[in-house]
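[1] Turn this into a model:
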Amino acid sequence: MNTKVVDSIKNNYKGIILVLFASFLSASAQLLWKIGVDGGFFYIIFGFILYALTALITIAAYRFGSLSVLHPFFSFAYIFALLFSHFFLNEFINIFGILGVVFIISGSILLGIGD
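    Model prediction:
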């Protein structure tokens with residue numbers, strides 16, 4: 001493996017892990033908002049709490065890597081939202097959703113190793 005790629009991963013891995021966790025929390029918060037729209041005030045409030053936690057974790061993540069490397073990994077929130085909508089809201093995942101996931105993963109990896 002190219003030494004620049006290895007160095008980029010070493011320099012950014014903590015930040016990448018934190019941003020991936022933040023993107024999971026972001027998608028979780030949005031799922032709670034969606035569920036709470038029909039009168040579940042508790043879900044909406046808990047969603048806001050998760051979203052605030054997302055912001056704090058994202059800020060912490062930026063201490064452990066380059067913004068240009070870490071920020072693209074936040075797009076994994078789209079993947080988590082797609083999965084949450086399928087498993088919790090019974091929404092259908094079509095071929096465009098699958099292709100979108102492939103492009104998000106590919107693009108994030110290419111940007112993530114390009115520091």
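[2] would you put the C-alpha positions of the helix or strand hosting Phe84 in CSV?
    Using DSSP states H and E, Phe84 sits within helix 76-89. The C-alpha atoms that make up helix 76-89 are tabulated as CSV, following Å, rounded to 0.1, in the frame of the first residue of the first chain:
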residue,chain,number,x,y,z
PHE,A,76,-22.6,8.1,5.7
ALA,A,77,-25.6,9.6,7.4
TYR,A,78,-27.4,9.1,4.1
ILE,A,79,-26.6,5.4,4.2
PHE,A,80,-27.7,5.1,7.8
ALA,A,81,-30.9,7.0,7.0
LEU,A,82,-31.6,4.7,4.1
LEU,A,83,-31.2,1.6,6.3
PHE,A,84,-33.2,3.1,9.1
SER,A,85,-36.0,4.0,6.7
HIS,A,86,-36.1,0.5,5.4
PHE,A,87,-35.9,-1.4,8.7
PHE,A,88,-37.9,1.0,10.9
LEU,A,89,-40.3,2.6,8.5
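[3] what's the offset of that helix from the middle of its chain?
    Here helix 76-89 shows a centroid-to-chain-centroid distance of 11 Å under the convention CA atoms, centre = their mean, to the nearest Å.
[4] can you list contacts of that helix?
    If you take CB atoms under 8 Å, 6 or more residues apart in numbering as the criterion, helix 76-89 is touched by 19-20, 23-24, 26-28, 30-31, 34-35, 91-93, 97, 100-101, 104-105, 108. Yep, even glycine has a C-beta here, placed from its N, CA and C like the rest.
[5] Mind doing that once more with 10 Å?
    16, 19-32, 34-35, 54, 91-93, 97-98, 100-101, 104-105, 108 (CB atoms under 10 Å, 6 or more residues apart in numbering).
[6] Just the buried residues of that helix, please?
    For helix 76-89, the neighbour count (16 or more other CB atoms under 10 Å) marks Phe76, Ala77, Tyr78, Ile79, Phe80, Ala81, Leu82, Phe84, Ser85 as buried.
[7] Show me which of the residues you listed is closest to Tyr43.
    Comparing those against Tyr43 with CB to CB places Phe84 closest, at 13.1 Å.
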